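Asks: Below is the sequence, then the predicted model.
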Amino acid sequence: MKIDRLIGILSILLQKETVTAPALAKQFEVSRRTISRDIDALCQAGIPIITRQGTNGGISIMKNFRIDRTLLTKSEMKDILAGLRSLDSVNGTNRYGQLMEKLSAGSSDFMTGDQSVLINLSSWYKDTLAPKIELIRKAIDKCLFLEFQYYAPGGEGHRRIEPYYLIFCWSSWYIWGWCTQKENYRLFKLNRMDALILDEANTFEKRPAPYPDLSNERIFPGGIRVKALFDKECKWRLIEEFGSGCFEELQNGQLLFHADYTNKENLISWLLTFGEKAELLEPEFLREELGETIRKMSDLYTIDSKHGHDETAETKKYLSYRKGEHYGIRLQKGI
């Protein structure tokens with residue numbers, strides 16, 4: 001990508017007194033004409049680059065500029081490199097790693113090793129996520145409509161959007177774009193998107209798309225005041241997920257948890273992951289709903305349930321196996 005190459009050329013010029021066009025062309029695997037165009041682009045961006053012909057000639061940056069207006073400190077460059085590595089972890093490629101290798105040749109120590117910040121943005125869904133990200137980046141770069149099937153708590157449906165921003169937030173990837181059905185900007189989670197298609201026959205004219213409001217107050221408005229008791233063994237999870245200020249430790253060792261929650265279904269699902277180590281105290285209406293959910297789950301896992309299961313022949317057959325009525329048959333079949 002051109003922007004990668006421009007950053008690379010600028011970094012080399014900031015670190016070396018002089019470099020030749022053939023050397024840059026070889027390092028970035030492009031023609032000398034391409035390097036000349038890149039130098040022109042950097043000059044147009046306000047970088048005072050000097051070229052000298054002859055035996056000791058080459059390309060350099062005006063000395064006063066290098067001394068008085070250093071673009072990147074050692075710490076800033078380390079941050080940039082950490083960010084580039086993180087992009088490789090998502091894409092499943094070594095594109096940015098190769099860029100760093102080119103930059104590190106003959107450069108100062110901040111380009112080679114000595115990295116204390118390592119960022120890995122990959123996920124369990126890396127195999128399906130990376131192709132989605134590449135497709136979305138293409139749609140954004142070329143102003144192509146993006147169509148997909150979307151699955152949300154409120155239902156599923158087909159969407160067609162003008163994509164504008166690819167966002168990593170709350171440990172997940174999202175796309176922010178103009179939804180043609182809703183005629184407004186919407187935020188879509190990549191893991192809920194399926195069957196992505198680019199409409200390469202039609203392009204859209206870019207809108208002055210605003211940045212999405214990703215504040216916790218906007219996305220997770222709360223509304224459900226939760227109070228619950230947890231066993232002390234759960235302390236690490238509460239701290240990991242909500243921070244150390246989300247509970248107070250009682251004299252008996254139990255943890256009195258208090259927080260705002262947005263979605264009652266998510267709250268019930270989260271509490272169930274603690275099993276018998278958590279008890280919801282408030283709100284009362286959710287305590288009753290959680291109890292009903294637990295009773296229904298108990299019915300599902302009780303073999304001799306008498307709570308009105310509509311047992312099909314297949315279900316009865318399965319339950320009879322569970323009770324051991326077909327034990328002899330299972331032995332004969334080696335099950």
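Replies: Thanks, I have it.

Asks: Residue 133 belongs to a strand, doesn't it?
Replies: No: using DSSP: H, G, I helix; E, B strand; the rest coil, the assignment for residue 133 is helix, not a strand.

Asks: could you measure it against residue 163, distance?
Replies: Going from residue 133 to residue 163 by C-beta to C-beta, to the nearest Å gives 11 Å. Placement of C-beta: from N, CA and C, glycine included.

Asks: Between the two, point out the one with more neighbours.
Replies: Set residue 133 next to residue 163 and count neighbours by other C-beta atoms under 10 Å: residue 163 wins out with 24 against 18.

Asks: Torsion angles phi and psi at the more buried one?
Replies: The phi/psi pair for residue 163 (degrees, to the nearest 10) reads phi -80, psi 140.

Asks: And residue 210, by the same measure?
Replies: phi -80, psi 160.

Asks: and it, what does it touch?
Replies: Listed by C-beta atoms under 8 Å, 6 or more residues apart in numbering, the contact set of residue 210 reads residue 185.

Asks: let's see 6 Å
Replies: Applying C-beta atoms under 6 Å, 6 or more residues apart in numbering, we find residue 210 in contact with no residue.

Asks: pLDDT wise, what is it at?
Replies: pLDDT for residue 210: 89.

Asks: that's a helix at residue 14, yeah?
Replies: Yes: assessed with three-state DSSP, residue 14 lies in a helix.

Asks: Around it, how many other residues sit close by?
Replies: There are 17 residues near residue 14, going by other C-beta under 10 Å.

Asks: ok, now which ones touch it?
Replies: By C-beta under 6 Å, 6+ apart, residue 14 has no neighbours at all.

Asks: What pLDDT is listed against residue 279?
Replies: Per-residue pLDDT puts residue 279 at 96.

Asks: do residue 122 as well
Replies: pLDDT recorded at residue 122 is 62.

Asks: now residue 266
Replies: pLDDT, residue 266: 85.

Asks: could you say which helix or strand contains it?
Replies: Per DSSP states H and E, residue 266 falls inside helix 264-272.

Asks: And for that helix, what's in contact with it?
Replies: Residues outside helix 264-272 that contact it (C-beta under 6 Å, 6+ apart) are 261, 278, 280, 286, 290.

Asks: Just these: which are in strands?
Replies: 261, 278, 280 (DSSP state E).

Asks: Let me have the residues you listed in TSV, extended by distance to residue 145.
Replies: What follows is those, written out as TSV (distance: C-beta to C-beta, whole Å):
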residue	distance to residue 145
261	36
278	46
280	45
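
Asks: Among those residues, pick out the one closest to residue 155, please.
Replies: residue 261 (22.1 Å; C-beta to C-beta).

Asks: ok, that closest one to residue 156 distance?
Replies: Counting by C-beta to C-beta, the gap from residue 261 to residue 156 is 24 Å.
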